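**Student:** okay, predicted coordinates and the sequence, questions at the end:
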Amino acid sequence: MELKSYKRLPYGETNFESVRTRNYAYVDKTRFIELLEKESNTRQFFIRPRKFGKSLFLSMLMNYYDLLRADRFRELFGGLYIGDNPTPLRNGYAVIEFDFSGLDTGSPENFVKSFNWRVQVLVQRFLKYYESVFDQTDSLIDNIVKHHIGISSLEVAYNAAIAANVKMLIIIDEYDHFANDLIAMGVEDVYKKMVQANGLVRDFYETLKIGSKSVVDRIFITGISPVMLDDLTSGFNISINLTLLERYNSMMGFTRQEVEWLMDETGVNRDFITVDMEWYYNGYLFHKKATDRIYNPSMMIFFFEQIIREQKVPEKIIDDNLKIDYGRLQRLTQNEANRELLVQIVKDGGIVAEVQSKFSIDRLHDEQHFVSLLFYLGLLTVERPEFGVVRLCIPNYSIKTVFWEYIMDAVQISSKFVINSSELHRTIKALALDGQAKPFLDYVSRHIFNKISNRDLQNFDEKYIKIMLMGCLFQSNAYIPVSEIETNTGYADVYLRRSPLVPEVKYEWIIELKYLKASVKSLETHRLDAQKQLQNYGGSSMMKDSKDLKKAVILFIGKNKYELFEKL
């Protein structure tokens, strides 16, 4: 029997030509070319969270529309949807791409120099690439160096394309990368100077607008937030924002069907998948009526790559690149209102809001705009429609860990305590191997809860305690903490599921949390309720086969006392 020949997993690959010519598996997104061309507005704007496949999608567009690749159409697109259903505009443009990641944002002067240099270099590269189409490209490049530096170099490109009687497609990747850096660093004055009024960035987009009147036929722009879109309104008011349209919900990212196809094509051994992939990596929805929830493609490929490389259960389930989102979250919550709102979102598991299609930097501290920014960053997503707006939720377990890490770090900073990792791990080991909860609870009560600041004490309730406990437990690989697990009597606060990475863990736990203020007099009544709750615990469908499942009710009294009720 002939063995199947598997394709390579496109781990870290963003070059469409390489993916198609070097035996990589490609999740076919080419059907969206047809949809994009049917849009009446050819200046299109589309954003998705980091690591969602934007760069590969743009590379696909470049290869499809590039007039110099017409003779390679079958090689690059054969077997794909668009290969069998080509559009009239295929291979019809001189394509220029601008990527604004990695610019120097250290000072206004450095930014101006960096931005101008990036535009000029990419225009020169564009002219050199199309030297078989344009006349005297060396002379044009020399003219740029001497007389048309920076943004004005675009005019040279326009004139060259007009003279050659070809239309241009302009693609912009990471349009807002430098803006997000400036906002995150708190140098909003630099941002305003560059983007608003008569700033350099506005001049660039006004130049694109001028070009669209003659030679620039199509523009496609991507990034991760719509902040600049509003601030550029008067300079670039000719684009359409496709981000929140239902028909583009799955244009980037993977559907469940696409995940299954990718596993089959690359030979991912399903025997080594011991975690719920949907729970870890899925959950994104960008329109309330869309039917397919979307997997983060970077998370999935990171997971699959370990299986293919090691041929065993992956040692890492969550990509360390998520820590970049955690850092961004830290910088966006420098003001008290945003911090408090973030804590409330984590406590409640989401928030009801109206996602704004665009907003200015001046309004990032408004609740609706800050929540919308969390949505665009991929930290929140649509859960369901709710009374004319939507309820947003945290997409998956991987993103929940970003929030836990943020809150644990913020509490440590505000309360001036340091977690002793080795001691904490010893107490979790006692929880996991010996079925002893007291060492862990003693540590948390003494070293964390007892030291929290008055500001954090304002948030102290059962939900806040749960967040803190789950943040502590996440420090170890022993458990996968699950919130609001279903039992036959309702939903338990915390389920400590045995991690597939640490199979020697003996005891799993189902825990109910209760909080009383220190002054509460009806303590005995709550003790009786806790004991009754333990009696009522039963196995849910999710836990009916669990072995060595311990059940506990923890009654927190104030911030420095607790009582533990448990049974096996």
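**Tutor:** Cool, the structure landed.

**Student:** now Asp135. Nearest residue, chain neighbours left out?
**Tutor:** Of all residues not flanking Asp135 in the chain, Ala163 sits nearest, at 6.5 Å (Cβ to Cβ, 6 or more residues apart in numbering). In this view, the C-beta of every residue, glycine as well, is placed from N, C-alpha and C.

**Student:** can you report how many residues lie near that neighbour?
**Tutor:** By the other Cβ atoms under 10 Å criterion, the neighbourhood of Ala163 contains 14 residues.

**Student:** ramachandran angles for it?
**Tutor:** phi -60, psi -30 (degrees, to the nearest 10).

**Student:** that one and Leu67, how far apart?
**Tutor:** Counting by Cβ to Cβ, to the nearest Å, the separation of Ala163 from Leu67 is 15 Å.

**Student:** now do Leu169
**Tutor:** 10 Å.

**Student:** more neighbours, these two?
**Tutor:** Remark: of Leu169 and Leu67, Leu169 carries more neighbours, 23 against 16, as counted by other Cβ under 10 Å.

**Student:** pull up the pairing partners for the helix or strand hosting that one, direction included.
**Tutor:** If you go by DSSP states H and E, Leu169 is part of strand 168-173. Partners of strand 168-173 in the sheet, by DSSP bridges, are strand 94-99 (parallel), strand 216-223 (parallel).

**Student:** if we can go back for a sec, doesn't Phe134 make contact with the residue nearest to Asp135?
**Tutor:** Yes: in this structure Ala163 lies within contact range of Phe134 using Cβ atoms under 8 Å: 7.2 Å.

**Student:** name the residue closest to the centre of the protein, please.
**Tutor:** The C-alpha lying nearest the average C-alpha coordinate of the chain belongs to Gly378 (Cα atoms, centre = their mean; 3.7 Å).

**Student:** please name the nearest non-neighbouring residue to it.
**Tutor:** Nearest to Gly378 is Pro49, by Cβ to Cβ, 6+ apart, at 2.7 Å.

**Student:** quick check: that neighbour vs Met252, distance?
**Tutor:** Distance from Pro49 to Met252, by Cβ to Cβ: 9 Å.

**Student:** now do Gly435
**Tutor:** Per Cβ to Cβ, Gly435 is found 45 Å from Met252.

**Student:** neighbour count: the two, which is higher?
**Tutor:** Met252 (24 against 15).

**Student:** where does that one sit: helix, strand or coil?
**Tutor:** On the three-state scheme (DSSP: H, G, I helix; E, B strand; the rest coil), Met252 is labelled coil.

**Student:** mind checking pLDDT for it?
**Tutor:** If you check Met252, the pLDDT there is 97.

**Student:** residue contacts, it?
**Tutor:** 29, 48, 52-54, 57, 294, 297 (Cβ atoms under 8 Å, 6 or more residues apart in numbering).

**Student:** now it: how far from Ile294?
**Tutor:** Met252 is 8 Å from Ile294, by Cβ to Cβ.

**Student:** now do Leu364
**Tutor:** Distance, Leu364 to Ile294, by Cβ to Cβ: 26 Å.

**Student:** comparing the two, which shows the higher neighbour count?
**Tutor:** For Leu364 versus Ile294, neighbours defined as other Cβ under 10 Å are more numerous around Ile294 (26 against 18).

**Student:** backbone dihedrals for that one, please?
**Tutor:** Residue torsions, per degrees, to the nearest 10, at Ile294 are phi -110, psi 140.

**Student:** give the contact list for it.
**Tutor:** Ile294 neighbours (Cβ under 8 Å, 6+ apart): 249-250, 252-255, 282-286.

**Student:** one more: Met62?
**Tutor:** Met62 makes contact with 16, 95, 97, 171, according to Cβ under 8 Å, 6+ apart.

**Student:** domains of the chain: list them as residue ranges, please.
**Tutor:** Here the domain parsing of the chain from automatic domain parsing is 28-245, 322-393, 416-567.

**Student:** which one of those domains lies nearest to Ile273?
**Tutor:** Taking Cβ to Cβ, domain 416-567 is the member of the domains of the chain nearest to Ile273, at 9.2 Å.

**Student:** chain neighbours aside, what residue packs nearest to Glu265?
**Tutor:** Nearest non-adjacent residue to Glu265, counting by Cβ to Cβ, 6+ apart: Ala25, 4.1 Å away.

**Student:** next up, the contacts around the one you found.
**Tutor:** 7-10, 262, 265-266.

**Student:** now Asp319
**Tutor:** So, once contact is read as Cβ under 8 Å, 6+ apart, Asp319 ends up touching 298-299, 302, 398.

**Student:** okay, those residues in TSV with distance to Lys358 next?
**Tutor:** Shown next, in TSV, are these (distance: Cβ to Cβ, whole Å):
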residue	distance to Lys358
Ser298	26
Met299	27
Phe302	31
Ser398	28
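
**Student:** if we can go back for a sec, closest to Leu534 among the contacts of Met252?
**Tutor:** Closest to Leu534, out of all of the contacts of Met252 and judged by Cβ to Cβ, is Ile294, at 40.0 Å.

**Student:** any weak-confidence spans in the stretch 201-350 of the chain?
**Tutor:** 233-236, 323-327 (pLDDT under 70).

**Student:** could you pull out the helices in it for me?
**Tutor:** 227-231, 256-266, 277-281, 297-310, 322-332, 336-348 (DSSP state H, counting those that start in this stretch).

**Student:** re the thing from before, write the PyMOL selection for whichever of the contacts of Ala25 are buried.
**Tutor:** Buried members of these can be picked out in PyMOL with the line below, counting by 16 or more other Cβ atoms under 10 Å:
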select buried, resi 7+9+10+262+265+266
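
**Student:** show me the two of the contacts of Ala25 that sit farthest apart.
**Tutor:** Farthest-apart pair in the contacts of Ala25 is Arg8 and Leu262; separation 11.4 Å (Cβ to Cβ).

**Student:** can I get the helix ranked longest in the chain as CSV, trimmed to CA atoms?
**Tutor:** Selection of the longest helix in the chain by residue count, based on DSSP state H, yields helix 108-129. The C-alpha coordinates for helix 108-129 follow below in CSV (Å, rounded to 0.1, in the frame of the first residue of the first chain):
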residue,chain,number,x,y,z
PRO,A,108,9.5,62.7,16.0
GLU,A,109,12.7,63.3,14.0
ASN,A,110,13.6,59.7,13.9
PHE,A,111,10.1,58.7,12.9
VAL,A,112,10.0,61.2,10.0
LYS,A,113,13.3,60.0,8.7
SER,A,114,12.3,56.3,9.1
PHE,A,115,8.9,56.7,7.4
ASN,A,116,10.3,58.7,4.5
TRP,A,117,13.1,56.2,4.0
ARG,A,118,10.7,53.2,4.0
VAL,A,119,8.5,54.8,1.4
GLN,A,120,11.4,55.8,-0.8
VAL,A,121,13.1,52.4,-0.7
LEU,A,122,9.9,50.5,-1.5
VAL,A,123,9.1,52.8,-4.4
GLN,A,124,12.6,52.3,-5.8
ARG,A,125,12.2,48.6,-5.4
PHE,A,126,8.9,48.8,-7.2
LEU,A,127,10.5,50.6,-10.2
LYS,A,128,13.4,48.2,-10.3
TYR,A,129,11.0,45.1,-10.3
